[in-house]
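*Asks:* Here's a sequence, model it:
(2 chains)
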Amino acid sequence: GENVEQHPSTLSVQEGDSAVIKCTYSDSASNYFPWYKQELGKRPQLIIDIRSNVGEKKDQRIAVTLNKTAKHFSLHITETQPEDSAVYFCAASRGSGAGSYQLTFGKGTKLSVIP
Amino acid sequence: GAVVSQHPSWVICKSGTSVKIECRSLDFQATTMFWYRQFPKQSLMLMATSNEGSKATYEQGVEKDKFLINHASLTLSTLTVTSAHPEDSSFYICSARSGGGGSYGYTFGSGTRLTVV
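*Replies:* Numbering: from 1, shown residues only, chains lettered A, B, ... in the order given. From the prediction side, this is the model:
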């Protein structure tokens, strides 16, 4: 099955600096890579996702890059703000189309943005 | 957007009793429902996958007789924790997926905090 590794497990940055979280996956058939932000006791919130036919995607201060050859994908947050503090999870799935493909999650990164 | 309503949001039960958690898709047909468990400061671990009208597929190490999943309709799936024990205390989250048309994203419920005393 799929195995997703996520680093670092914790990350502290000064407000305004950038944060980068990296993930690797093992299943070459995975083609959908979402990133979730989870606050304590809440559901995961999708913040950005990328499909395997795209190498990079950006949404305001958030960007995701994908290297299919190396099976790496990364989350980049620029101009961090205290409200960005949360746990971030990467995930991988074979299911960019219809089907019951499950998401496999990384172990999470606790991001702390210091004012 | 797609919404999944999960109830209850929290529940406290005594050891040996059973607890039912419901997830309803409010504005789309949830062909597939995934059930996750999340321990404090850990990731989401998939427990089982269910397709409407079929038996659930359980992940290795998850007891199907203890965690009963029913997905009898395209808008409702339930997870029943039977004979609960303190080690079953956890955060349980469902995630629904539509089978065709529109978005193929995963929509999460708000989670249920189960505490077994």
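
*Asks:* give the contact list for residue A:12.
*Replies:* Contacts were defined as Cβ atoms under 8 Å, 6 or more residues apart in numbering or on different chains; by that measure residue A:12 touches A:111-114. C-beta: built from backbone N, CA, C; applies to glycine.

*Asks:* now, which of those lie within strands?
*Replies:* A:111-114 (DSSP state E).

*Asks:* filter those to the buried ones?
*Replies:* Buried by 16 or more other Cβ atoms under 10 Å in any protein chain shown: A:111, A:113, out of these.

*Asks:* Now tabulate the ones in strands among the contacts of residue A:12 in TSV and tack on distance to residue B:16 and pLDDT.
*Replies:* Listed next are the ones in strands among the contacts of residue A:12 as TSV, based on distance: Cβ to Cβ, whole Å; pLDDT from 0 to 100:
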residue	distance to residue B:16	pLDDT
A:111	40	98
A:112	41	98
A:113	44	98
A:114	46	97
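
*Asks:* Include distance to chain B when you put the ones in strands among the contacts of residue A:12 into a markdown table, please.
*Replies:* Output for the ones in strands among the contacts of residue A:12, formatted as a markdown table (distance: Cβ to the nearest Cβ, whole Å):
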| residue | distance to chain B |
| --- | --- |
| A:111 | 14 |
| A:112 | 14 |
| A:113 | 19 |
| A:114 | 20 |
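
*Asks:* So is whichever helix or strand residue B:79 is part of next to chain A?
*Replies:* Using DSSP states H and E, residue B:79 sits within strand B:76-81. No - in terms of Cβ under 8 Å from any Cβ of the partner chain, no part of strand B:76-81 sits within range of chain A; the closest distance is 12.6 Å.

*Asks:* So what's the gap between that strand and the chain middle?
*Replies:* Relative to its chain's centre, strand B:76-81 lies at 6 Å (Cα atoms, centre = their mean, to the nearest Å).

*Asks:* One more: stretch A:70-79?
*Replies:* Mean-position distance between stretch A:70-79 and its chain equals 7 Å (Cα atoms, centre = their mean).

*Asks:* what residues does it touch?
*Replies:* Outside stretch A:70-79, the residues within contact range by Cβ under 8 Å, 6+ apart are A:16, A:18-26, A:28, A:33, A:35, A:48, A:50, A:61-67, A:84, A:88, A:90, A:111.

*Asks:* buried set for that stretch?
*Replies:* Neighbour counts over stretch A:70-79 (16+ other Cβ under 10 Å) mark A:71, A:73-77 as buried.
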